[in-house]
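Enquirer: can't give you the sequence, but here's the structure:
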């Protein structure tokens, strides 16, 4: 099925551990995004990539790094996880310009840092 | 201060009625605004996009209005059904770069 695939779906980390969240899209979109969603805070942009080879910070980038591996894949890395990073993480992709429609989101990664 | 405001209280309505959700924003002049639906445990799903030069947009039982003077969008679901129960998010592009800022969402509960 066409769309955005995120792995893993669930993860529990200990404080200080590292991990990479994977995201891949098969819609040939140029733009990709990582958001986190917390109760009462809504969706907040962590990083985005307007095209292959480019990345830029969003609203809450501290503690995260990203890699746009190719046009399909955009990964999010937590180098040293903290309890404040417990959240649901969503990857999304979109087409910009005159063909703009909405984002296509993945199903999310539920991360708990203990 | 919050940049996009949606009713934080849940909206409860009876099946068959029209649900109206509000999205207010400040300090922006967005070229377009979007609405999404999110079910528990799932990612948001895109519903409608309305551009600044469009006052109204329809898709089946959904209607969105966009008043750039009032800085407000209204989202209507006519003939609502229990299956419409979900959280609805509005989003806008603050800098016309494609990066969306989302409201916190309004939860709609349609009772049979």
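Expert: Sure thing, it's come through. Everything numeric in this text was worked out from a predicted model, so none of it was measured.

Enquirer: going forward, measure contacts and count neighbours with C-alpha atoms only.
Expert: OK.

Enquirer: List, one by one, the residues from chain B near chain A.
Expert: When proximity is defined as C-alpha under 8 Å from any C-alpha of the partner chain, chain B approaches chain A at B:34, B:41-49, B:98-105.

Enquirer: all strands of chain A, in order?
Expert: For chain A, the strands defined by DSSP state E occupy A:4-7, A:10-13, A:19-25, A:31-38, A:42-49, A:56-57, A:64-68, A:74-78, A:87-94, A:104-105, A:109-113.

Enquirer: In strands only, show me the residues of chain B next to chain A.
Expert: B:34, B:45, B:46, B:47, B:48, B:49, B:100, B:101, B:102.

Enquirer: Could I get these in CSV, plus columns for pLDDT?
Expert: Listed next are these as CSV, based on pLDDT from 0 to 100:
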residue, pLDDT
B:34, 95
B:45, 97
B:46, 96
B:47, 97
B:48, 95
B:49, 93
B:100, 91
B:101, 92
B:102, 95
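
Enquirer: would TSV of those residues with neighbour count be doable?
Expert: Formatted as TSV, those follow (neighbours: other C-alpha atoms under 10 Å in any protein chain shown):
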residue	neighbour count
B:34	22
B:45	19
B:46	19
B:47	17
B:48	20
B:49	20
B:100	21
B:101	20
B:102	23
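
Enquirer: between those, which is nearest residue B:6?
Expert: residue B:102 (9.7 Å; C-alpha to C-alpha).

Enquirer: neighbours around the residue nearest to residue A:41 when sequence neighbours are not counted, how many?
Expert: Leaving aside its sequence neighbours, residue A:41 sits nearest to residue B:104 (C-alpha to C-alpha, 6 or more residues apart in numbering or on different chains; 6.4 Å). Using other C-alpha atoms under 10 Å in any protein chain shown, residue B:104 is surrounded by 26 other residues.

Enquirer: So which residue is smack in the middle of chain A?
Expert: Ranked by distance to the mean C-alpha position of chain A (C-alpha atoms, centre = their mean), the top residue is residue A:34 at 2.7 Å.

Enquirer: Please list all residues in contact with the closest residue to that residue other than its chain neighbours.
Expert: Sequence neighbours aside, residue A:91 is the residue nearest to residue A:34 in space, at 4.6 Å (criterion: C-alpha to C-alpha, 6+ apart). Counting by C-alpha atoms under 8 Å, 6 or more residues apart in numbering or on different chains, residue A:91 touches A:4, A:6, A:23, A:32, A:33, A:34, A:35, A:105, A:106, A:108.
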